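**Student:** curious how this folds, go ahead:
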Amino acid sequence: MRHYGQTARVEIPMHDFERFEHIRFEAEQIVLASGYKAMELDPKGFRSGALNDVLNLSVPEPSIVNVSK
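**Tutor:** The predicted model follows:
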């Protein structure tokens, strides 16, 4: 689960989406009781490193410097 202000975004593997639908109501009640105003399911599913996409973090490509003389 990720915190987006008053919204909790649940991230689960895409292959578990159908199973999640069976407990969605109960999960939402727990999330709302925790103080959130809304719960949403991340449509892209759980992905390791997904927060980096949100933060727009990237590692710059190293430059090649010729140090031979």
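**Student:** where does pLDDT dip in this structure?
**Tutor:** Low-confidence segments of the chain (pLDDT under 70): 49-69.
**Student:** the helices in it, which residues?
**Tutor:** Ranges of helices in the chain, per DSSP state H, are 17-21, 24-33, 50-55.
**Student:** ok, residues contacting the longest one?
**Tutor:** Under the contact criterion Cβ atoms under 8 Å, 6 or more residues apart in numbering, helix 24-33 has outside partners Met1, Ala8, Val10, Phe20, Ala38, Met39, Leu41. To be clear about C-beta, it is placed using only N, CA and C from the backbone, and glycine gets the same treatment.
**Student:** again, only using 7 Å
**Tutor:** For helix 24-33, contacts defined as Cβ atoms under 7 Å, 6 or more residues apart in numbering pick out Ala8, Val10, Met39.
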